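Engineer: Here is my input; please provide its structure:
(chains A, B, C and D)
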There are 2 protein chains.
Amino acid sequence: MSKLRLSTFLPYRLSIASNAVSKAIAAAYTERFRLSIPEWRLIAILHEVEDATQQDLVRATLMDKVAVSRAAQMLEENRLVARRQDARDGRALRIRLSERGRALYRRIEPTALEYERRLLAAFGKEEIAQLSEMLGRLAEAAGRLADEDAAD
Amino acid sequence: MSKLRLSTFLPYRLSIASNAVSKAIAAAYTERFRLSIPEWRLIAILHEVEDATQQDLVRATLMDKVAVSRAAQMLEENRLVARRQDARDGRALRIRLSERGRALYRRIEPTALEYERRLLAAFGKEEIAQLSEMLGRLAEAAGRLADEDAAD
DNA sequence: TATTGTTATACTCTATAACTATA
DNA sequence: TATAGTTATAGAGTATAACAATA
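Structural biologist: Modelled structure (predicted):
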């Protein structure tokens, strides 16, 4: 008697849900705003913190430095951010949104929130809080799991 | 005053959690069993249904026919499945696990369940059921959302 | 020596379209 | 005409390593 069924296996269900959501959202960002998801993440963080080094962005987005570097270059080419050397550390680049970048953010924000609202339309407020919290716990557990196995 | 913060934005949290879990699991499958996730999914389904056409596998795994075709070819090369033409429909290929494939499945199953257990160690039984159900609702909502927008 | 960021490379996943063979 | 499956191709995303500049 087997205890494993793919359709109820949590990693599978998580992957299906995440792929479905990513696909819908990525389509919206690329078609309507010509942004990749990495680029959108940088813009969202830069709108929160105003000014950050790429290393800060690595920490804030959990993307690696190569992905951040590529996305930042794209944004700079499109004049959505400005980059300049940090005054105190000549290796670091400080990045901030340009006026154009801020204007784009203001156009995206309501769209993003509307997508989230439609995605969660069938969820109660409490359910959403629970889901969000559980996703955090899951990511943490997966990180620990990868670390433990890497130590083998 | 802005209402959007990336760290609390649900699509972002979902993506982070899913990527962390996928990364940990994919590492385990490839290192220990030399299987990609698509290949593992086919094996898991074929263990449940015994015999299926590739089209059946497309429906069961939600992967597209190209991904199923590639994974099935890989599994056949490694003698984990056997493929033969369907008796009634000459276009269709019927696939089943070989004895070797079943033996591999029996080795993977406890590992997969153990990974799931460790991932969910901090979750109560009821929480797991809720999470699983909410992920299903989320995938469904995302599918509807993509369909609606595609109609624009 | 270590760190910030860039470049090159490669591998996986996904998507599309063109193709074949059957229906 | 439509469907099952294959092949080719290209686009994201991600990972690694080698490198330049600076600390």
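Engineer: In space, not sequence, find me the middle residue of chain A.
Structural biologist: By C-alpha atoms, centre = their mean, chain A has its centre lying nearest to residue A:41, at 4.6 Å.
Engineer: How about stretch A:4-20 and DNA strand D, any contact?
Structural biologist: No: on the criterion C-beta under 7 Å from any atom of the strand, stretch A:4-20 is out of touch with DNA strand D, staying 10.6 Å away. The way it works is simple: take the backbone N, C-alpha and C, and place the C-beta from them, glycine included.
Engineer: So which residues make contact with that stretch?
Structural biologist: Around stretch A:4-20, the neighbours that count as contacts under C-beta atoms under 8 Å, 6 or more residues apart in numbering or on different chains are A:138, B:14-15, B:17-19, B:21-22, B:25, B:37, B:41, B:44-45, B:48, B:60-62, B:109, B:112-113, B:115-116, B:119-120, B:128, B:131-132, B:135-136, B:138-139, B:142-143, B:146.
Engineer: likewise stretch A:100-110?
Structural biologist: If you take C-beta under 8 Å, 6+ apart as the criterion, stretch A:100-110 is touched by A:29, A:33, A:35, A:40, A:43-44, A:46-47, A:75, A:79-81, A:97, B:2-4.
Engineer: With stretch A:38-45 instead?
Structural biologist: By C-beta under 8 Å, 6+ apart, the list of residues contacting stretch A:38-45 reads A:29, A:33, A:35, A:52, A:57, A:60-61, A:63, A:67-68, A:70-72, A:74-75, A:80-81, A:95, A:97, A:101, A:104-105, A:108, B:4-6, B:9, B:12.
Engineer: ok, 6 Å please
Structural biologist: With C-beta atoms under 6 Å, 6 or more residues apart in numbering or on different chains as the test, stretch A:38-45 has contacts from A:29, A:57, A:60, A:61, A:63, A:67, A:71, A:74, A:75, A:105, B:6.
Engineer: For the third one, what are phi and psi?
Structural biologist: In this entry, residue A:60 is assigned phi and psi values of phi -70, psi -30 (degrees, to the nearest 10).
Engineer: before we move on, which element is the residue nearest to it when sequence neighbours are not counted in?
Structural biologist: The shortest distance from residue A:60 to any residue that is not its chain neighbour, by C-beta to C-beta, 6 or more residues apart in numbering or on different chains, is 4.8 Å, and that residue is residue A:45. Taking DSSP states H and E as the criterion, the element that holds residue A:45 is helix A:37-49.
Engineer: what element comes up after that helix heading to the C-terminus?
Structural biologist: Downstream of helix A:37-49, the next assigned helix or strand under DSSP H and E is strand A:52-53.
Engineer: Give me the sheet partners of that next one and which way each runs.
Structural biologist: Strands adjacent to strand A:52-53 in the sheet, as given by DSSP bridges, are strand A:93-97 (antiparallel).
Engineer: Taking helix A:37-49 as reference, get the angle to the strand it pairs with.
Structural biologist: Regarding strand A:93-97 and helix A:37-49, their directions subtend 80 degrees when assessed with axes from the mean of the first three to the mean of the last three C-alpha atoms, to 10 degrees.
Engineer: does any part of strand A:93-97 sit near DNA strand D?
Structural biologist: No: under the criterion of C-beta under 7 Å from any atom of the strand, strand A:93-97 makes no contact with DNA strand D; the nearest approach is 10.9 Å.
Engineer: Bridged to residue A:52, which residues?
Structural biologist: Those that pair with residue A:52 in a beta bridge, by DSSP bridges, are residue A:95.
Engineer: Just give me the neighbour total for it.
Structural biologist: Residue A:52 is flanked by 20 other residues according to other C-beta atoms under 10 Å in any protein chain shown.
Engineer: same deal with residue A:46?
Structural biologist: 25.
Engineer: The one 5 residues further on now?
Structural biologist: Around residue A:51 there are 11 other residues, counting by other C-beta under 10 Å.
Engineer: Residue A:93 is in contact with that one, correct?
Structural biologist: No: if you go by C-beta atoms under 6 Å, residue A:51 and residue A:93 don't touch, sitting 11.0 Å apart.
Engineer: picking up where we left off before, give the ChimeraX command for selecting the buried subset of the contacts of stretch A:4-20.
Structural biologist: Applying 16 or more other C-beta atoms under 10 Å in any protein chain shown to the contacts of stretch A:4-20, the buried members can be selected in ChimeraX as follows:
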select /A:138 /B:14,15,17,18,19,21,22,25,37,41,44,45,60,61,62,109,112,115,116,119,120,131,132,135,138,139,142,143,146
